[in-house]
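Student: have a look at this fold, sequence not included:
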């Protein structure tokens with residue numbers, strides 16, 4: 001059986017919402033008609049996740065009023081002077097972003113453009129308001 005979210009899937013036969021395990025516990029059946037889900041009824045695929053991520057990024061671009069482009073330009077210049085960097089490095093130059101997800105969007109955009117790459121390492125943030133949370137170390141792609 002393939003994975004799906006039983007609360008948000010709709011039945012392709014009757015458009016009923018949600019599924020439950022049958023009495024034997026070996027298949028999922030529609031609450032309304034007893035039909036089995038199909039792949040088309042499964043909304044949570046990798047493609048949908050990527051689409052939702054892109055939609056969120058597009059909304060963020062609009063709501064931050066050019067801040068992401070400004071911070072991206074600063075990040076590009078920072079990459080000319082450092083081999084590795086973190087969000088703390090960028091925040092020290094651009095200040096507090098207008099949205100909590102804005103810094104991550106800047107780094108995601110730069111990674112998609114091939115400017116930086118994830119090293120797989122993390123360090124604790126030095127910013128007091130970050131409460132020592134772990135942040136990604138990025139390498140400049142030269």
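Tutor: Right, received. Where do you want to start? Keep in mind that this is a model prediction, so the values were computed, not measured.
Student: now the lengthiest helix in the chain: buried residues?
Tutor: Criterion DSSP state H: the longest helix present in the chain is helix 46-63. Neighbour-count burial for helix 46-63 flags 57, 60-61 (criterion: 16 or more other C-beta atoms under 10 Å). Where C-beta positions appear, they are placed from N, C-alpha and C, glycine not excepted.
Student: what about the helices in this protein?
Tutor: 46-63, 67-79, 87-94, 102-112.
Student: kindly reformat the ones you listed as a markdown table containing distance to residue 141 and mean pLDDT.
Tutor: Below are those laid out as a markdown table (distance: least, C-beta to C-beta, whole Å; pLDDT from 0 to 100):
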| stretch | distance to residue 141 | mean pLDDT |
| --- | --- | --- |
| helix 46-63 | 20 | 78 |
| helix 67-79 | 8 | 95 |
| helix 87-94 | 16 | 96 |
| helix 102-112 | 9 | 93 |
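Student: between those, which one is nearest to residue 125?
Tutor: Minimum separation from residue 125 across the helices of the chain (C-beta to C-beta) falls at helix 87-94, 5.6 Å.
Student: just give me the closest of the buried residues of helix 46-63 to residue 127.
Tutor: The closest of the buried residues of helix 46-63 to residue 127 turns out to be residue 60 (C-beta to C-beta; 20.7 Å).
Student: check contacts around that closest one.
Tutor: Residue 60 makes contact with 68, 99, 101-102, 105 under the criterion C-beta atoms under 8 Å, 6 or more residues apart in numbering.
Student: do residue 127 as well
Tutor: By C-beta under 8 Å, 6+ apart, the contact list for residue 127 reads 88, 91.
Student: and what of the one 5 residues further on?
Tutor: In this structure, residue 132 makes contact with 124-125, judged by C-beta under 8 Å, 6+ apart.
Student: and it, how far is that from residue 113?
Tutor: Going from residue 132 to residue 113 by C-beta to C-beta, to the nearest Å gives 30 Å.
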